[in-house]
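Student: Here's a sequence, model it:
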Amino acid sequence: MVYTTKRILLDKRPSGFPAVENFSIDTVTLPQLNEGEILIKIKYLSVDPYMRNRMNKAKSYIEPYETGQPISGDGIAEVLESKNEEYKSGDIISAIVPWQEYAILSGNPYKIPSADNYITEYLGILGLTGLTAYFGLNKIAFPRSGETMVISGAAGAVGMAAGQMAKIYGCRVIGIAGSDEKCAFLKNTLKFDTALNYKTSKNLRKAVKQAAPDGVDIYFDNVGGEISDSIMYLLNDFSRIVLCGQIALYNQNRLSLGPRLNSLLLIHRVKMQGFIVYDYRDEFPAAREQISEWLKNGKLINRETVISGFDQILTAFLNLFQGKNTGKMIVKIA
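Tutor: Residues are numbered from 1 along each chain as shown. Below you'll find the predicted structure:
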């Protein structure tokens, strides 16, 4: 059978905030399968802030997107045809996939257990975002019961997971988010101890200090920028900063000067470490097993923002930078 598919291409690299004009849509016919390949129908796509960085022509931990080529990211798909003995028609897989309706993959994508009805969790809490939260805490933060942790971007997929996991470890958790609705969700549903709306706080540093009078032991940084500057003044001796994301800076045409707060890190002997979740690839199965247990026991709550339709992929992606998602932003394709 011959398959044609729409796909979304990076047409030109954005300067500042990306716009619809930076992308284009075309339709192509897929070739016949070669040995070792599978033909997939993409069911769900994840859109994530890190994708904005990949649109720049700059050296990073991952190769930049090429202009004239499809955007790619985490997705969930159904196998339609297979010339790979590890997969059969009907299998559901999680993999890095292009922004297309159909695609051909090689390699060994993760096969989602057939009994698992909540497959979108493999894009979020059981996927890279949940694993990012898990390893950020367990490899860098080393949370101890009674410590205070602050999370920026706390209503995003990683922030929600990290905050809940920190509560499991016995920490006092303060979340920073961008609306009263999100803050209410963090406190009332996810049981954060405090949630602060950075958009309405006249003095965020003062607000965090009131919420954490004994200082901050762990800062899980998903945002960067002025929010992170505010937290630096409140760090305790031997505190830890998990440098996870910098969404406040992704759309800048040039990096801000600095950092100028290193003296605070020196005085308080702070550890600040960036990390990439793929650094711990070999430990994914054990981490996913632990997260699954927390989900089954009700210790973790998952929240997703799902938008339907292939034609809504760009809308969903651009909405990330306006804070229109709570939890993982997912596009349902099929």
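Student: just the strands in the stretch 101-250 of the chain please.
Tutor: Remark: strands assigned in the stretch 101-250 of the chain by DSSP state E, counting those that start in this stretch are 102-105, 110-111, 148-152, 172-177, 194-197, 216-221, 235-243.
Student: Now tabulate those in CSV and tack on mean neighbour count, distance to Ala58 and mean pLDDT.
Tutor: (Each C-beta comes from the backbone N, C-alpha and C, glycine too.) Output for the strands of the stretch 101-250 of the chain, formatted as CSV (neighbours: other C-beta atoms under 10 Å; distance: least, C-beta to C-beta, whole Å; pLDDT from 0 to 100):
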stretch, mean neighbour count, distance to Ala58, mean pLDDT
strand 102-105, 21, 27, 97
strand 110-111, 14, 29, 92
strand 148-152, 29, 23, 97
strand 172-177, 26, 28, 97
strand 194-197, 21, 33, 97
strand 216-221, 26, 21, 97
strand 235-243, 20, 18, 96
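Student: any chance of those in JSON lines, plus distance to Leu128?
Tutor: Below are those laid out as JSON lines (distance: least, C-beta to C-beta, whole Å):
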{"stretch": "strand 102-105", "distance to Leu128": "17"}
{"stretch": "strand 110-111", "distance to Leu128": "11"}
{"stretch": "strand 148-152", "distance to Leu128": "17"}
{"stretch": "strand 172-177", "distance to Leu128": "21"}
{"stretch": "strand 194-197", "distance to Leu128": "24"}
{"stretch": "strand 216-221", "distance to Leu128": "16"}
{"stretch": "strand 235-243", "distance to Leu128": "15"}
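Student: closest to Tyr50 out of these?
Tutor: Of all those, strand 235-243 sits nearest to Tyr50, with 13.2 Å by C-beta to C-beta.
Student: tell me the angle the closest one makes with strand 216-221.
Tutor: Strand 235-243 and strand 216-221 are oriented at 20 degrees to each other (axes from the mean of the first three to the mean of the last three C-alpha atoms, to 10 degrees).
Student: Show me the strands paired with the strand or helix carrying Leu45, marking each as parallel or antiparallel.
Tutor: According to DSSP states H and E, Leu45 maps onto strand 38-46. For strand 38-46, sheet partners with direction are given as strand 72-82 (antiparallel), strand 102-105 (antiparallel), strand 328-332 (antiparallel), following DSSP bridges.
Student: so how far is the helix or strand that that strand is followed by off the chain centroid?
Tutor: Remark: after strand 38-46, the chain's next helix or strand is helix 50-54, criterion DSSP H and E. Here helix 50-54 is found 11 Å from its chain centre; the criterion is C-alpha atoms, centre = their mean, to the nearest Å.
Student: what does stretch 225-243 give?
Tutor: 21 Å.
Student: Keeping just the C-alphas, turn that stretch into CSV.
Tutor: In CSV, the C-alpha atoms belonging to stretch 225-243 read as follows (Å, rounded to 0.1, in the frame of the first residue of the first chain):
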residue,chain,number,x,y,z
GLY,A,225,15.9,34.7,34.0
GLU,A,226,14.7,37.0,36.6
ILE,A,227,12.8,34.3,38.5
SER,A,228,16.0,32.4,39.1
ASP,A,229,17.8,35.6,40.1
SER,A,230,15.2,36.1,42.9
ILE,A,231,15.8,32.6,44.3
MET,A,232,19.6,33.0,44.3
TYR,A,233,19.4,35.4,47.3
LEU,A,234,17.6,32.9,49.4
LEU,A,235,19.8,29.8,49.0
ASN,A,236,21.1,28.1,52.2
ASP,A,237,24.6,26.8,52.8
PHE,A,238,25.3,23.7,50.7
SER,A,239,22.0,24.0,48.8
ARG,A,240,21.7,22.5,45.3
ILE,A,241,20.4,23.9,42.0
VAL,A,242,19.1,21.5,39.4
LEU,A,243,19.6,23.4,36.1
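Student: Start at 46, not 1
Tutor: Yes, from this point I'll number from 46; that puts the last item at stretch 270-288.
Student: what does it rub up against?
Tutor: If you take C-beta atoms under 8 Å, 6 or more residues apart in numbering as the criterion, stretch 270-288 is touched by 181-182, 185-187, 195, 197, 207, 221, 243, 249-250, 253-254, 257, 259-266, 291, 293-294, 301, 306, 309-310, 313-320.
Student: Same question for stretch 140-153.
Tutor: Contacts of stretch 140-153 (C-beta under 8 Å, 6+ apart): 48-53, 75-76, 78-79, 81-87, 90, 115-120, 122, 125, 129, 131, 138, 154-155, 355, 358, 378-379.
Student: returning to what we had before: compare the strands of the stretch 146-295 of the chain and give me the one nearest Asp324.
Tutor: Using C-beta to C-beta, these put strand 280-288 closest to Asp324, at 12.9 Å.
Student: ok, back up a step: just the buried members of the contacts of stretch 270-288?
Tutor: Buried residues within the contacts of stretch 270-288, defined by neighbour count using 16 or more other C-beta atoms under 10 Å: 181-182, 185-186, 195, 197, 207, 221, 243, 249-250, 253-254, 257, 260-266, 291, 293-294, 310, 315, 317, 320.
Student: Right, I'll leave it there.
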